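Student: take this sequence and fold it.
(4 chains)
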Number of protein chains: 4
Amino acid sequence: MGDDDAIVQAARVSYGRGTQRVSESAGLIRYLMRHRHSTPFEMCEIKYHVKLPIFVARQWIRHRTANVNEYSARYSILDREFYIPASEHLAAQSTTNRQGRGAVLDGPEAAEVLRLLAEDAGRNYDHYVEMLNENPDGSPIDPYRQGLARELARMNLTLNTYTQWYWKIDLHNLFHFLSLRADPHAQYEIRAYADVLLQTVEAWVPFAFAAFKEYRLGAFTFSAAMLGALRRMLAGEAVTQETSGLNKREWEELRSALKPAHA
Amino acid sequence: MGDDDAIVQAARVSYGRGTQRVSESAGLIRYLMRHRHSTPFEMCEIKYHVKLPIFVARQWIRHRTANVNEYSARYSILDREFYIPASEHLAAQSTTNRQGRGAVLDGPEAAEVLRLLAEDAGRNYDHYVEMLNENPDGSPIDPYRQGLARELARMNLTLNTYTQWYWKIDLHNLFHFLSLRADPHAQYEIRAYADVLLQTVEAWVPFAFAAFKEYRLGAFTFSAAMLGALRRMLAGEAVTQETSGLNKREWEELRSALKPAHA
Amino acid sequence: MGDDDAIVQAARVSYGRGTQRVSESAGLIRYLMRHRHSTPFEMCEIKYHVKLPIFVARQWIRHRTANVNEYSARYSILDREFYIPASEHLAAQSTTNRQGRGAVLDGPEAAEVLRLLAEDAGRNYDHYVEMLNENPDGSPIDPYRQGLARELARMNLTLNTYTQWYWKIDLHNLFHFLSLRADPHAQYEIRAYADVLLQTVEAWVPFAFAAFKEYRLGAFTFSAAMLGALRRMLAGEAVTQETSGLNKREWEELRSALKPAHA
Amino acid sequence: MGDDDAIVQAARVSYGRGTQRVSESAGLIRYLMRHRHSTPFEMCEIKYHVKLPIFVARQWIRHRTANVNEYSARYSILDREFYIPASEHLAAQSTTNRQGRGAVLDGPEAAEVLRLLAEDAGRNYDHYVEMLNENPDGSPIDPYRQGLARELARMNLTLNTYTQWYWKIDLHNLFHFLSLRADPHAQYEIRAYADVLLQTVEAWVPFAFAAFKEYRLGAFTFSAAMLGALRRMLAGEAVTQETSGLNKREWEELRSALKPAHA
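Tutor: Numbering: from 1, shown residues only, chains lettered A, B, ... in the order given. This is a model prediction of the structure:
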């Protein structure tokens, strides 16, 4: 629902003559993004059908400004399908960052992890079906006993079991979601979804997407202290972390943002 | 965006096999409405372009679960257009209900009210333009003086001046809006808009609309005490307000809901 | 934050003189509840610290109008603690209701279910710790290998593992939550929480709680067709399901609401 | 409700051991603000009683994530009180910015504007009372005629008439409100309120306020193109607007952010 033109149309009704000088759509959309005029972007709405592991769904649902219809395991039986990471994503706990990942696990260690994940998910699923006592066609496996209620049996499933949902959101809130979940700090497993969503947004609203890249994804916010350090650098001073007033991590972020290779 | 089929599609993903026994869309939609399954209705979204007096806009905006782009009087000049009630809507203050209307005003009294409303709105608008010092084509009226900033001049306008907006909302929240604003307790001026919206909803999602009429608009909620009185009535007892445990107003509401002519 | 007096205070600023005739707080609060004036109830806010199984947390979080801070298994290690139902709650799948429960399982069947649930949850947790390679004091179990990142290892946990969160909500939205989750149609495992919340609300805002019981929890909404049947009953007609215009389930609901024993 | 400690408490439950290394509250709160962890700030809630002109209320209410109880002119009579700007705020329309203000009006022009605003607001209010036909004590002015319903008479009032409300909001959303409304681009009349709110926040949650100043109010976001220009400057290149890839306005914003006097 809606496209770049709907954003422009909404902006022109809101700002009227104020928008006359920005003659074309791309420029107006860039102006709106720069000045945090969020309501025109809310005029666009998109609906996705997503299949995702439950532990990813639990992160995703924290974004409250969307409409969701999830497959319900109270009413229906989930499929025998689990997320098992590819070996190159089997990272160790980072030693420097409590929420991050470190080096990829070695071959034998990785193999053992993969074995445990696959075995446990599979066994738990099989016991789920056994407790339900239900064949794929709905008939009882053992006609002489009762199956456990679906809403109870599901509790035996592991968090990497796949669920699915319809997820409907407006473009402004989708951009907010993407700015958090397409970020390098987001867990890889949700970032992979965010990267796919980014492509759909680029195809859907190319002008809004370009403005989002320029002013949000590719942007960097300097704190008051960072601005102070930056001004001294521009004045020719040789600023170090110690003299910058920044802590080590902020200093590294500043350095990284100013590196020629950045982004 | 979306229609009756989108509601059904969302419900079938959520409730899976649970929906198989309800074979057709109308029945499933009635089921969802009865059981307060709101999320499938959120899959439908509609956008309206509305022109409305500012005092109505102030009631309307209280419904927070919508996306709004309003014509901005900071950026643009409002039109010379006001809401003046028709004589048959010029009601006196109700003497029994603090928020209600009583009898329609008499001819001479009504004429005086209409005169004041029209004169004051017109004069204030003319002074607004005078303060702006701006012709319709944007040129100054008096080239030798400066015009007041738009964001300030607008404060001279009356609350019956028309504004306009795009208003986008999902069907679940639209039903909530309509259940409050198409209600006889709503002010006539916003109810008139709600009545028009109802017609657009009927044309858009006829099954959902029929279910909304059956289970919400045409329904009546009995409080615990009302249910008690009702059961005694059905048992053949001659219940009066005094013996009902209800206050006078609740008793009248109960009587009215049970009258053959109701709704 | 806030109490019955805060509701009254907010109502008096909103409705001003309109509230003078309702001289005392209890009456005014009943009036607000009856007439669906929701905003005064939003002036009260409460925060809970809740420990709950993940599958319950997934239902609970669907209520979007609350503030939540959940224990994060990206940053921290979850405790070895699972929800295992008591035998009297180990119900079979209902044969008449896709989301409901039927009879309680027999002894040997129940024992087998309990064995599977406890064994699978425990084994998966132990493998979770093994993959993390981390002792309770944070030291590595095996100093010669790396532990898997927490954000990955958690996917091996079962849905009955306990999580915890702070949950903050205003009273209006809490009542909405409770009207859905303290309902007999809600899953027992979340209803048990709702029942405890109800007690805290009664202690916190006794007048608002009493009004909620009278006009929401203990109330019953008659659809348009139910009202039609009811009027015919009151007129002395012997209405049956077949002549009522209601389907079988609606008819049963109507009968149940009108039974003397109800509520 | 809540304070700096409530933010820290929520963060510690969410991030658990992850927060151990940040030993004190101020540091943890700065960390949360820097990394856009919004939910701990949502654990704090504040309620204001505000008196404000209707045209300011119309901007303010656009922030949807708050609870509001406004004085209702359907039920009650508004006071005879208007906002009339001080002479030093009577600015002309900006000639370079469609939403901004230019120079302050000259004495005679200002006097004329003030005369019109005061006269029109006063006359319209007097006609409002006349239509209501109601003395301050509630008795009719003219006992031989009926007064117009309040919900209708109010439409004659001007947009600078004062209304009042209770406004309740969590700290995260309050910071969002303040970042937009304490901004130099906001209209002076709402910024004046934002400035007062800022003081109350500083007194209430001093650590969170300091972090907000450092990472939001005093920060500046560089777009991708701005970062590119900045890197070239730091490499010693003499970048001009023409060679910067920025439009004129963006270039000015960049220059201003890098000026020693900034902030």
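Student: is stretch A:63-75 up against chain D anywhere?
Tutor: No - Stretch A:63-75 stays out of contact with chain D when judged by Cβ under 8 Å from any Cβ of the partner chain, the minimum separation being 9.5 Å. (C-beta placed from N, C-alpha, C; glycine too.)
Student: helix, strand, or coil at the residue lying farthest from the centre of chain A?
Tutor: Here chain A has its C-alpha centre computed as a mean, and the residue farthest from that point, by Cα atoms, centre = their mean, is A:Tyr144 with 46.5 Å. Three-state call for A:Tyr144 (DSSP: H, G, I helix; E, B strand; the rest coil): coil.
Student: ok, it to chain B distance?
Tutor: Distance from A:Tyr144 to chain B, counting by Cβ to the nearest Cβ, to the nearest Å: 23 Å.
Student: and that residue, what pLDDT?
Tutor: The predicted local distance difference test score for A:Tyr144 is 87.
Student: and if you look at the one 5 residues further on?
Tutor: Per-residue confidence at A:Ala149 stands at 93 (pLDDT).
Student: ramachandran angles for it?
Tutor: Comment: the main-chain dihedrals of A:Ala149 come out as phi -60, psi 140, following degrees, to the nearest 10.
Student: grab the nearest non-local neighbour of the residue nearest in space to the middle of chain A.
Tutor: Closest residue to the average C-alpha location of chain A: A:Arg181 at 3.1 Å, with Cα atoms, centre = their mean. By the measure of Cβ to Cβ, 6 or more residues apart in numbering or on different chains, the closest residue to A:Arg181 outside its immediate chain neighbours is A:Ala194, 4.0 Å from it.
Student: and the helix or strand the one you found falls within, which residues are buried?
Tutor: Element membership for A:Ala194, per DSSP states H and E: helix A:188-204. With burial defined by 16 or more other Cβ atoms under 10 Å in any protein chain shown, the residues of helix A:188-204 counted as buried are A:189-191, A:193-194, A:197-198, A:201, A:204.
Student: now do stretch A:231-249
Tutor: A:231-233, A:239, A:241, A:244-246.
Student: run through who's touching it.
Tutor: Defining contact as Cβ atoms under 8 Å, 6 or more residues apart in numbering or on different chains, one finds that stretch A:231-249 is touched by A:225-226, A:228-229, A:251, A:254, D:233-234, D:258-260, D:262.
Student: follow-up on the earlier one: touching, the residue nearest to A:Arg181 and A:Phe177? I think so.
Tutor: Yes - the criterion here is Cβ atoms under 8 Å, and A:Ala194 meets it with A:Phe177 at 7.5 Å.
Student: what separates the residue farthest from the centre of chain A from A:Asn133, distance-wise?
Tutor: Taking Cβ to Cβ, to the nearest Å as the measure, A:Tyr144 and A:Asn133 are separated by 10 Å.
Student: so where's the stretch 1-150 of chain A shaky on pLDDT?
Tutor: Within the stretch 1-150 of chain A, the set of residues satisfying pLDDT under 70 comprises A:16-23, A:96-99.
Student: contact residues of it facing chain B?
Tutor: For the stretch 1-150 of chain A, the residues in contact with chain B (Cβ under 8 Å from any Cβ) are A:1-2, A:9-11, A:13-19, A:39-40, A:42-43, A:45, A:47, A:49, A:67-72, A:75-77, A:138.
Student: state the helix or strand in which whichever residue of the stretch 51-200 of chain A sits closest to chain B lies.
Tutor: Of all residues in the stretch 51-200 of chain A, A:Ser76 sits closest to chain B, with a separation of 2.8 Å (Cβ to the nearest Cβ). When elements are assigned from DSSP H and E, A:Ser76 belongs to no helix and no strand.
Student: test my guess that it contacts A:Arg150.
Tutor: Yes - counting by Cβ under 8 Å, A:Ser76 does reach A:Arg150; the two are 7.3 Å apart.
Student: compare neighbour counts for the two and give me the winner.
Tutor: Set A:Ser76 next to A:Arg150 and count neighbours by other Cβ atoms under 10 Å in any protein chain shown: A:Arg150 wins out with 27 against 21.
Student: show me where the stretch 1-150 of chain A has strands.
Tutor: With strands called from DSSP state E, counting those that start in this stretch, the stretch 1-150 of chain A shows them at A:45-53, A:67-70, A:91-93, A:101-104.
Student: okay, those, which one's buried deepest?
Tutor: Counting by mean count of other Cβ atoms under 10 Å in any protein chain shown, strand A:67-70 has the highest mean neighbour count of the strands of the stretch 1-150 of chain A, with a mean of 24.
Student: got a list of contacts for it?
Tutor: Strand A:67-70 is contacted from outside by A:57, A:61, A:163-169, B:10-11, B:13-14, B:39-40, B:42-43, B:170, C:62, using Cβ under 8 Å, 6+ apart.
Student: same deal with stretch A:112-124?
Tutor: Residues outside stretch A:112-124 that contact it (Cβ under 8 Å, 6+ apart) are A:80, A:82, A:84-85, A:87, A:90, A:105, A:156-158, A:160-161, C:120, C:123-124, C:127, C:130-131, C:148, C:155-156, C:158.
Student: what's the first helix or strand after the helix holding A:Ala194?
Tutor: Toward the C-terminal end, the helix or strand that comes next after helix A:188-204 (DSSP H and E) is helix A:206-212.
Student: and the contacts of the following helix or strand past that next one?
Tutor: Toward the C-terminus, helix A:206-212 is succeeded by strand A:220-222 as the next helix or strand (DSSP H and E). Contact with strand A:220-222 is made by A:230, A:254, A:257, D:215, D:219-222, D:227, D:257, as judged by Cβ under 8 Å, 6+ apart.
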